[in-house]
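Trainee: this one's sequence-less:
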């Protein structure tokens with residue numbers, strides 16, 4: 001069951017690295033602004049070790065905000081990379097929370 005959390009955390013980490021790599025091609029001011037999604041994902045990743053339920057809720061909010069602000073609904077490739085990968089991580093966290101509740 002811990003594998004679900006590990007896979008979800010790996011997806012969040014890889015998406016954060018993806019954002020960080022592509023934000024480095026801008027100027028310094030633009031790079032700091034483009035790193036905001038990376039910092040958000042890093043915060044969720046850190047919180048996932050403290051509270052999985054809070055990380056699940058924040059991941060849902062992040063999916064909605066990223067879909068709106070990055071307009072991933074217009075381009076299928078952006079939708080697949082950003083929204084679907086976060087949605088898979090969200091589902092894994094949700095399944096873990098449901099299964100953890102059943103075990104207790």
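Mentor: That came through fine. A quick note: this is a predicted structure, and the numbers were derived from the prediction, not measured.
Trainee: low-scoring stretches of this protein, by residue?
Mentor: Filtered on pLDDT under 70, the chain yields the residue ranges 26, 102-104.
Trainee: tell me the buried residues in stretch 51-65?
Mentor: Across stretch 51-65, burial judged by 16 or more other CB atoms under 10 Å covers 52, 55, 56, 57, 58, 59, 62, 63. From N, CA and C alone the C-beta is placed, and that goes for glycine too.
Trainee: so which of those is the closest to residue 36?
Mentor: Relative to residue 36, the closest of those is residue 62; by CB to CB it sits at 11.5 Å.
Trainee: does the closest one count as helix, strand or coil?
Mentor: Put simply, residue 62 is helix when judged by DSSP: H, G, I helix; E, B strand; the rest coil.
Trainee: wait, it touches residue 41, no?
Mentor: Yes. The criterion here is CB atoms under 8 Å, and residue 62 meets it with residue 41 at 7.5 Å.
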